[in-house]
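Novice: Need the 3D shape of this:
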Amino acid sequence: MTHDEYAALVSRLELMAATKPQAYRLRVGALAALGYAYALGIMLLLATALILIVWGAFETHVGVLVVKLALPVLALLAALGRALWVKLAPPQGRELRRSEAPTLFAEIDTVARAARAPLPHHVIVTEELNASVSQVPRLGIFGWQRNYLALGLPLLVALTPEQFRAVLAHEFGHLSGAHGRFGIWIYRVRGTWAQIEDAIHHRRSSLGALLVNRFVEWYEPYFRAYSFVLARRHELEADQTSAQVTSARAAAMALAAIALRASYKNEIVWPSITARIADEPTPPRAAFAGYVQRMPAELPLQTAVEWLTAGLRIESGVDDPHPALAARLQALGELPLDEAALSAMAEHLARPIEQEATAGAHYLGALASSIATELDDSWRGKISASWKDRHRHLTHARNGLRELKVRAAESPLTPNEQFQLADWTEDLQGSAAALPLVKALVASNENHASGLYMLGRMLLAAHDDAGIAYLERAMQVDPSSGGPASSLIAAHLQQVGRGQESIAYRTRSEAFIAEEAAAQAERRSVAKHDRLAAAELEEPVLERLREQLAQYPKVGVAWLARKVTFHAPDKPFYVLGISQSAAWWRFVSEGSSTYLAKKLAEELELPPGTLIVVFDQKRKWLRRALKKVARSEIYRRLR
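Specialist: Numbers count the residues shown, from 1 in each chain. Modelled structure (predicted):
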């Protein structure tokens, strides 16, 4: 199913869900039940086959053959059984006890009662600018859920108590009535089929693929669309619960406040923290705590208006079940209809919240600072490795940038050096400093694909439609950029309210991703039905490879060929077959073959996209196939 077809299906289902909500829920439930029924039917079929195989063994006394037949059936049966037992991991965070935060728990009790929702078994504080509820079944498919309420500390300090109460009511709206039980069941069904596909893929089970693939091709996109629309309706219904418990105005202001504070975090606060990576090799202490303290700060009014305008311009898509901000405010009857109303909303939300007046201070008191310190330690532990990697990269970029500037003062830089200069400048000084450099590069080298892509990306990040033309040009010059370039354009068009135009680019991006996946699948292995052809590598490359192979005493004979591929044919996939130099009568274990293949892959200078196969008793067919390819033998050890 293409992206266009999926989007059209979602659109039809949204209409059905709005006009016939009960009938729609029944359809979703029936589709989910069909998924379980098919999986259980396959297991029953496999169990029956296993019983017949064992019975046949007793009747015919051919034990070895029975084992060969029974093992793949038993393995697939076990994999399906594990897949049906979907485990949902509980959310991670700092758990709160009722005695620590009695004011918060009293509010939770009050709001849960007003929303007619069960109380959470666990309340945790997280690092996110978000809140969520989840249900984790203790008995897998048999349920017996535990309810978790996750509250982000940045969210608590970015909202007023009234706004936070509206958020709480929204979250409990997901647990009220049948929302929670039905939603978690639907989520488990999606998880079940994801695990079944994963199990079959990793086991490379042809029997599993035969039994499952055709059904999944039909079932997965339909069930994804049906469950997506259900999740979106649940979001809107939870908003209505929030409005009933507080007020439509409070619910709307909470949604808008979260959107504004998210922009503030992404555009100002977080970049100020990551800017320190270049000079500090490890995450600084109190960086997360400092980020939390800055969340209730005053926002520049004009900036707040721009952020809110941009947020309201975004249309609901088919990738995120959360409706767009404008759709949610409209459903609440609180969408600002003119510029004056929008400015008034932005002005109200841009005002600073005094630290003692935030929801965090109101509900947690002094505990908020203590939790911020605890989460700061946790945050630094999580990002330490990636922070160090980025610091090393920026140190290298700084040294390289210094060298390029010296070289540029002596003689003109090549186009690739100009691109590197712009790239490192962006890393160290930001897009504003790099933009003139990449513009100059593209002006003098109109077919520089990387420069075109970089310029288009930067312009779209600045909400400049001119970036689309540069990305289009990049795709013409380098078709391999089609996937990421199309994805960037689609995201930009979605953000500026041109969702209909984005569909074509989203479809192109998905087609590119599908082609890449197919190309990767072709290159994972070599099968008996694959065609092999001459490698057609230049003699200096082959001579260098022979010299390297001669350094390994265990390499007796080497054959090199190219697998004929249908996807991305411009990227050759080579097969290097190795016959070990052991005596004919000496047993060569599968483990020693695997070890030699791994060692050669790590140490040889091979053409990109080369699979190394060291022959053992199971790979004789591949050795025969390689021998048939003209000029495939590239090395033979002299005895």
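Novice: what are the ranges of the strands in the protein?
Specialist: Taking DSSP state E as the criterion, the chain carries its strands at 94-96, 122-126, 131-137, 145-152, 532-534, 555-563, 573-580, 610-614, 633-636.
Novice: Reformat those as TSV; add mean neighbour count.
Specialist: The way it works is simple: take the backbone N, C-alpha and C, and place the C-beta from them, glycine included. Shown next, in TSV, are those (neighbours: other C-beta atoms under 10 Å):
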stretch	mean neighbour count
strand 94-96	16
strand 122-126	20
strand 131-137	19
strand 145-152	21
strand 532-534	15
strand 555-563	22
strand 573-580	22
strand 610-614	19
strand 633-636	17
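Novice: Let me see the domain layout of the protein.
Specialist: 248-357, 412-522, 532-636 (automatic domain parsing).
Novice: closest one to residue 124 among those domains?
Specialist: With C-beta to C-beta, the closest approach to residue 124 among these belongs to domain 248-357: 16.0 Å.
Novice: May I have the distance across the closest one, first residue to last?
Specialist: End-to-end distance for domain 248-357, by C-alpha to C-alpha, to the nearest Å: 22 Å.
Novice: Just checking the distance from the longest helix seen in the chain to the centre of its chain.
Specialist: When the chain is parsed with DSSP state H, its longest helix is helix 367-410. From the chain centre to the centre of helix 367-410 is a distance of 23 Å (C-alpha atoms, centre = their mean, to the nearest Å).
Novice: okay, the angle between it and strand 145-152?
Specialist: Here the directions of helix 367-410 and strand 145-152 differ by 60 degrees (axes from the mean of the first three to the mean of the last three C-alpha atoms, to 10 degrees).
Novice: related to what we said a few turns ago, for the strands of the chain, give me JSON lines that also has distance to residue 388 and mean pLDDT.
Specialist: Putting the strands of the chain into JSON lines (distance: least, C-beta to C-beta, whole Å; pLDDT from 0 to 100) gives the following:
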{"stretch": "strand 94-96", "distance to residue 388": "25", "mean pLDDT": "93"}
{"stretch": "strand 122-126", "distance to residue 388": "24", "mean pLDDT": "95"}
{"stretch": "strand 131-137", "distance to residue 388": "30", "mean pLDDT": "83"}
{"stretch": "strand 145-152", "distance to residue 388": "26", "mean pLDDT": "90"}
{"stretch": "strand 532-534", "distance to residue 388": "44", "mean pLDDT": "92"}
{"stretch": "strand 555-563", "distance to residue 388": "38", "mean pLDDT": "91"}
{"stretch": "strand 573-580", "distance to residue 388": "35", "mean pLDDT": "90"}
{"stretch": "strand 610-614", "distance to residue 388": "32", "mean pLDDT": "89"}
{"stretch": "strand 633-636", "distance to residue 388": "41", "mean pLDDT": "90"}
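Novice: now those in a markdown table, with distance to residue 399?
Specialist: Formatted as a markdown table, those follow (distance: least, C-beta to C-beta, whole Å):
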| stretch | distance to residue 399 |
| --- | --- |
| strand 94-96 | 40 |
| strand 122-126 | 38 |
| strand 131-137 | 44 |
| strand 145-152 | 39 |
| strand 532-534 | 44 |
| strand 555-563 | 39 |
| strand 573-580 | 36 |
| strand 610-614 | 33 |
| strand 633-636 | 40 |
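Novice: I'd like to know which of those lies nearest to residue 506.
Specialist: Among the strands of the chain, strand 131-137 sits nearest to residue 506 (C-beta to C-beta), with 26.8 Å.
Novice: Quickly run through the sheet partners of the closest one, with directions.
Specialist: When pairing is defined by DSSP bridges, strand 131-137 lines up against strand 145-152 (antiparallel).
Novice: Run through who's touching the strand it pairs with.
Specialist: Contacts with strand 145-152, where a contact means C-beta atoms under 8 Å, 6 or more residues apart in numbering, come from 90-91, 93, 108, 118-138, 171, 175, 180-181, 184.
Novice: Compare the strands of the chain and give me the one nearest residue 15.
Specialist: That would be strand 131-137 among the strands of the chain, by C-beta to C-beta, at 28.2 Å.
Novice: Centre of the chain to that closest one, how far?
Specialist: Distance of strand 131-137 from the chain centroid (C-alpha atoms, centre = their mean) equals 20 Å.
Novice: and what of stretch 219-235?
Specialist: Using C-alpha atoms, centre = their mean, the mean C-alpha position of stretch 219-235 is found 19 Å from that of the whole chain.
Novice: one step back: the longest helix of the chain to strand 122-126, inter-axis angle?
Specialist: Going by the same axes, to 10 degrees, helix 367-410 is angled at 30 degrees with respect to strand 122-126.
Novice: Packing partners of helix 367-410?
Specialist: Counting contacts by 3 or more C-beta pairs under 8 Å, 6 or more residues apart in numbering; DSSP states H and E, helix 367-410 is packed against strand 94-96, strand 122-126, helix 153-158, helix 287-294, helix 359-364, helix 415-429.
Novice: Can you flag the weakest of the ones you listed by average pLDDT?
Specialist: Lowest mean pLDDT within the helices and strands packed on helix 367-410: helix 287-294, a mean of 85.
Novice: Remind me what that one packs against, helices and strands.
Specialist: helix 153-158, helix 270-274, helix 367-410.
Novice: Name the stretch among those that sits most buried.
Specialist: Mean neighbour count (mean count of other C-beta atoms under 10 Å) peaks for helix 153-158 among the helices and strands packed on helix 287-294, with a mean of 26.
Novice: Please list the outside residues in contact with that one.
Specialist: By C-beta under 8 Å, 6+ apart, the residues outside helix 153-158 that reach it are 125-131, 164, 167, 257-258, 261, 265, 291-293, 295-296, 353, 355, 358-361, 363-364, 368, 371-372, 375.
Novice: repeat that with 6 Å
Specialist: Residues from elsewhere that reach helix 153-158 (C-beta atoms under 6 Å, 6 or more residues apart in numbering): 125, 129, 131, 261, 292, 295-296, 358-360, 371.
Novice: Quick check: nearest residue in space to residue 559, chain neighbours excluded?
Specialist: Using C-beta to C-beta, 6 or more residues apart in numbering and skipping residues adjacent in sequence, the residue nearest residue 559 is residue 626, 3.9 Å away.
Novice: make that residue 625, sorry
Specialist: Counting by C-beta to C-beta, 6+ apart, residue 625 lies nearest to residue 532, which is 5.7 Å off, once chain neighbours are set aside.
Novice: In the beta-sheet assignment, what are the partners of the one you found?
Specialist: Assessed by DSSP bridges, residue 532 has beta-bridge partners residue 563.
Novice: I'd say it and residue 629 touch.
Specialist: Yes: with contact defined as C-beta atoms under 6 Å, residue 532 reaches residue 629; the gap is 5.1 Å.
Novice: Common neighbours of these two, please.
Specialist: Shared contacts of residue 532 and residue 629, counting by C-beta under 6 Å, 6+ apart, come down to residue 561.
Novice: got TSV for the contacts of helix 153-158, with distance to residue 34 too?
Specialist: Shown next, in TSV, are these (distance: C-beta to C-beta, whole Å):
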residue	distance to residue 34
125	40
129	38
131	34
261	42
292	46
295	46
296	49
358	48
359	44
360	46
371	45
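Novice: May I see the helices and strands packed on helix 367-410 organised as CSV, with distance to residue 10 added?
Specialist: Shown next, in CSV, are those (distance: least, C-beta to C-beta, whole Å):
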stretch, distance to residue 10
strand 94-96, 37
strand 122-126, 30
helix 153-158, 29
helix 287-294, 36
helix 359-364, 35
helix 415-429, 37
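Novice: I am finished for the moment; much appreciated.
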